[in-house]
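Peer 1: Provided below for reference: sequence and predicted model.
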Amino acid sequence: MTTTFSGLAERVPDFGMIPGLAEACPKDRSLEMYRRICRVREFELQCKKYIDEKVVQVFCYLSLGQESFPAALSMTMMGSWVVPQHRGHGTCLLFGMEPAKIIDELLGLETGCCKGMGGSPAIHDISKKILGHNHLIGDNVPVAVGFSYAKPGEKTICIFGDGAAEEDYVIGALGFAATHKLPMLFICDDNDLSVLTPTRDRRTWKIHEVCKAYGMEGVDIADDPWLIDHYVREFQTKLPAIINVRNCRELWHQGTGTDGAPEWNRFQITRNKMIELGLEKEITQIESEAKQEMESLWLKQLQKLSETSHAST
Amino acid sequence: MAKTVAETIRDLTREHLEKNNGLLMGQCITAVGWIQNTVPPHCVNLVELPMNDNSGPGMAVGAAIAGRRPILVFRFQSFLWMAASPLVNHAAKAKAIFGYPAPVFIRAIATEGGSSGPVHTNCYHSIYMHMPGMPVCAPMTPKEYEQVWDYYMKHDDPILVSEHRRCYLNSEEMPDIIMDGAEITLYAASAGRLNALEAHKMLLEQGVKANLIHLVWLKPFEMNARVMEPLRQTRCALVIDSTYEIVSACEHLAYTLMINTGFPVQALGQFDRTQGLVPRLENGTPVPERIVATAKEMVGMKKLWGKKSA
């Protein structure tokens, strides 16, 4: 059963597409963006594997299928403060957080970024300018806005989902950001699902239009990495701004279950495009490196878990 | 002339905003009166929040994480209900979950009487005592307020400061009253302290000696000799507060005192009913007459128990 298909004109993989962006992008940039996508994907695939094996036993919000926006975002916005949402492994990883700290947190170890207190939604590293999420969707938006107000001259990225966009406190906080022209880039990570309820059953309006009515720059696009990259670069000098990124969650809201194939497979589409650009050899190498990196990282941390278990018995 | 509580708050705030690059955030803070003369007019770093009762406090939490030590003002404690989530779920838990603090100084103003109605008229500090990570206090004198501010600046917790409007014009300190031969100990918080002072005089006029212990810190509630010894002397006590009595600060403190001493302690707060707009329907801090009646009843019961056990 496919529960994610909405039938909306916007729910297509080339929504808002600007032709020629991938072709115009320098090859090094495309390869680096692809490398980041692969790192997130391989990290999450490893995580999925260990959830399925019941090694990871905490609630996990995986971002398989939603890798392209953190990849594109991190290409331009490194150095900004980041306030991720609950589905934030990829964002934290690409904004400089040590993967070991994420893994340790998911394993409930004392060496995790929250010492086992916060788990998957609370992944953060303030030394890398990444704040934590407290598990309540959208709660991070007012916090990010107040943080940005209190840090004049520094850019802040705030990420929330299409469900969180409906929270009254998110709407209010976006208004404050617009009123005070805060240097903030909001990303609505729009997988069209609030747990399993599609957007069309919840609202008729669009969050980027609300933000535009507030006076912000805003756009509603599919999750093509070159397209996101284009708007991030354009908006970084026009903040505050919002990008509603339409993507597909491959797995359930939480855990590793699936209700069938996603509406589109962004990873495969991007991969095909890279091949079309004549980069097949390079991406094969990148994929292999990402897989090896994440496999060995997870194994190393699992070894630590094993040693901890032995020490306590 | 000694400073009032309102002037103390205003001066501490001005120094914080001008010298510490602190923030003061709230709704309608520049309205007539600058919140009962507690906000320094036209000062730097005043942030008028829009009427977002939940996201505004969330923004204060963000400002606290950014290191600006914001003072967040609620003109009525009724707003604490709507504001609760970011304060108790994010600020109060930030250190435990994330390992970094979110020290917001929450000024929550309680009121009663004056026809402000069934919702705005109240004192709700009890609800914030439920969550870990947030000390709760109710200073009523200038020195107490300075001590609370000093605590806040030396620690990194968010803190709920329950201010009762009846304290703003007060410039006097309120020392504890310990009497030889006292028959009951009154513990009082918030505006309950003002009514307990009246009740204490009335009791004395009626031949009942009482101790009166003023409570500033409701959580944590330190069970030290100052608090415990008077109860050990009188062997019964009454805790008076401006909140609803049921599941409240006064019930919690009464329970804590009782469990730590083994002596009966009763809680006295607002009746369990919604107060109305007009004076005949008000339901505020227990009035002195009610405190006196309850205290005398407890003293009578204590004598009865004494005879039975003899």
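Peer 2: Here it is on my side, so go on.

Peer 1: just checking, what packs against the longest helix along chain A?
Peer 2: In chain A, assigned by DSSP state H, the helix with the most residues is helix A:280-312. Using 3 or more Cβ pairs under 8 Å, 6 or more residues apart in numbering or on different chains; DSSP states H and E, the elements in contact with helix A:280-312 are helix A:27-52, helix A:99-106, helix A:266-276. Every residue, glycine included, has its C-beta placed from N, CA and C.

Peer 1: got the angle for that helix vs helix A:27-52?
Peer 2: Direction vectors for helix A:280-312 and helix A:27-52, defined by axes from the mean of the first three to the mean of the last three Cα atoms, to 10 degrees, enclose an angle of 40 degrees.

Peer 1: which of the residues in helix A:280-312 are buried?
Peer 2: For helix A:280-312, burial by neighbour count (16 or more other Cβ atoms under 10 Å in any protein chain shown) applies to A:282-283, A:286-287, A:290-291, A:293-294, A:297-298, A:301-302, A:305, A:308.

Peer 1: quick one: mean pLDDT over that helix.
Peer 2: Averaged across helix A:280-312, the pLDDT comes to 91.

Peer 1: same check, this time on stretch B:281-295
Peer 2: Model confidence over stretch B:281-295 averages 96 on the pLDDT scale.

Peer 1: hmm, who's touching that stretch?
Peer 2: By Cβ atoms under 8 Å, 6 or more residues apart in numbering or on different chains, the list of residues contacting stretch B:281-295 from outside reads B:112-113, B:121, B:123, B:184, B:186, B:190-192, B:194-196, B:198-199, B:202-203, B:206, B:208, B:210, B:238, B:240-242, B:266, B:268-271, B:273-276.

Peer 1: buried residues in that stretch, which are they?
Peer 2: B:282-286, B:288, B:291-292, B:294-295.

Peer 1: inside helices: which ones of the residues you listed?
Peer 2: Secondary structure assignment by DSSP H places B:288, B:291-292, B:294-295 of the buried residues of stretch B:281-295 in helices.

Peer 1: and which of the residues you listed is nearest chain A?
Peer 2: Checking those against chain A by Cβ to the nearest Cβ gives residue B:291 as the nearest, at 40.8 Å.

Peer 1: so who does residue B:148 touch?
Peer 2: In this structure, residue B:148 makes contact with B:137, B:139, B:159, B:161, B:216, judged by Cβ under 8 Å, 6+ apart.

Peer 1: the last one and chain A, how far apart?
Peer 2: Residue B:216 sits at a distance of 29 Å from chain A (criterion: Cβ to the nearest Cβ, to the nearest Å).

Peer 1: near that residue, how many residues? Count them for me, please.
Peer 2: 18 (other Cβ atoms under 10 Å in any protein chain shown).

Peer 1: hmm, back to that, closest one to chain A out of the contacts of residue B:148, please.
Peer 2: Nearest to chain A out of these is residue B:159 (Cβ to the nearest Cβ; 17.3 Å).

Peer 1: list the contacts for the closest one?
Peer 2: Shown here is residue B:159, whose contacts under the criterion Cβ under 8 Å, 6+ apart are B:103-106, B:134-137, B:148, B:151-152.

Peer 1: what does chain A have sitting close to chain B?
Peer 2: Along chain A, the residues adjacent to chain B under the rule Cβ under 8 Å from any Cβ of the partner chain are A:114-115, A:117-118, A:122, A:124, A:126, A:131-132, A:134, A:136, A:139, A:141-151, A:168-173, A:175-176, A:179.

Peer 1: name the element residue A:187 belongs to?
Peer 2: In this structure, residue A:187 is located in strand A:184-190 according to DSSP states H and E.

Peer 1: helices or strands up against that strand?
Peer 2: helix A:68-77, helix A:140-150, strand A:156-161, helix A:168-179, helix A:207-214, strand A:241-246.

Peer 1: so which residue is smack in the middle of chain B?
Peer 2: For chain B, the residue nearest the mean C-alpha position is residue B:138 (2.7 Å; Cα atoms, centre = their mean).

Peer 1: surely it is in contact with residue B:219?
Peer 2: No - here residue B:138 lies out of contact with residue B:219, judged by Cβ atoms under 8 Å, at a distance of 10.4 Å.

Peer 1: tell me the spacing between residue B:166 and residue A:294.
Peer 2: Separation of residue B:166 from residue A:294 (Cβ to Cβ, to the nearest Å): 62 Å.

Peer 1: ignore the last one, residue A:78
Peer 2: To residue A:294, residue A:78 is 21 Å away according to Cβ to Cβ.

Peer 1: could you list the low-pLDDT ranges of the chain?
Peer 2: Just going to use chain A. Counting by pLDDT under 70, the low-confidence segments of chain A come to A:1-7, A:310, A:312-313.

Peer 1: wait, chain B was what I had in mind.
Peer 2: B:115, B:306-310.

Peer 1: close to chain A: what parts of it are there?
Peer 2: B:23, B:47, B:49-50, B:52, B:54-68, B:70, B:85-86, B:89-90, B:93-94, B:96-100.

Peer 1: span of stretch B:164-182 from start to end?
Peer 2: Start and end residues of stretch B:164-182 are separated by 29 Å (Cα to Cα, to the nearest Å).

Peer 1: stretch B:159-175 too?
Peer 2: The separation between the terminal residues of stretch B:159-175, taken as Cα to Cα, is 24 Å.

Peer 1: any idea how far it is from the chain center?
Peer 2: Computed by Cα atoms, centre = their mean, to the nearest Å, the separation of stretch B:159-175 from the middle of its chain amounts to 8 Å.

Peer 1: repeat that for stretch A:57-67.
Peer 2: The chain centroid and the centroid of stretch A:57-67 are separated by 10 Å under Cα atoms, centre = their mean.

Peer 1: need the phi and psi values for the residue in the stretch 151-300 of chain B that chain A sits nearest to.
Peer 2: For the stretch 151-300 of chain B and chain A, the shortest gap (Cβ to the nearest Cβ) falls at residue B:158, measuring 12.8 Å. The phi and psi torsions at residue B:158 (degrees, to the nearest 10) take the values phi -70, psi 150.

Peer 1: that one: what's it in contact with?
Peer 2: For residue B:158, the contacting residues are B:61, B:64, B:87, B:91-92, B:102-106, B:133-134, taking Cβ under 8 Å, 6+ apart as the criterion.

Peer 1: would you map the strands across the stretch 101-250 of chain B?
Peer 2: For the stretch 101-250 of chain B, the strands identified by DSSP state E, counting those that start in this stretch occupy B:105-110, B:136-137, B:159-164, B:184-189, B:210-215, B:217-219, B:237-244, in order along the chain.

Peer 1: which neighbours does the fourth one have in its sheet, and in what orientation?
Peer 2: Each strand paired with strand B:184-189, and its direction, by DSSP bridges: strand B:210-215 (parallel), strand B:237-244 (parallel).

Peer 1: how far off centre is the longest one?
Peer 2: In other words, strand B:237-244. 11 Å.

Peer 1: the first one too?
Peer 2: A distance of 15 Å separates the centroid of the chain from that of strand B:210-215, by Cα atoms, centre = their mean.

Peer 1: run through who's touching it.
Peer 2: The set of residues that contact strand B:210-215 without belonging to it, under Cβ under 8 Å, 6+ apart, is B:138, B:140, B:174-179, B:182-189, B:193, B:196-197, B:200, B:203-204, B:221, B:226-227, B:230, B:233-234, B:253, B:295.
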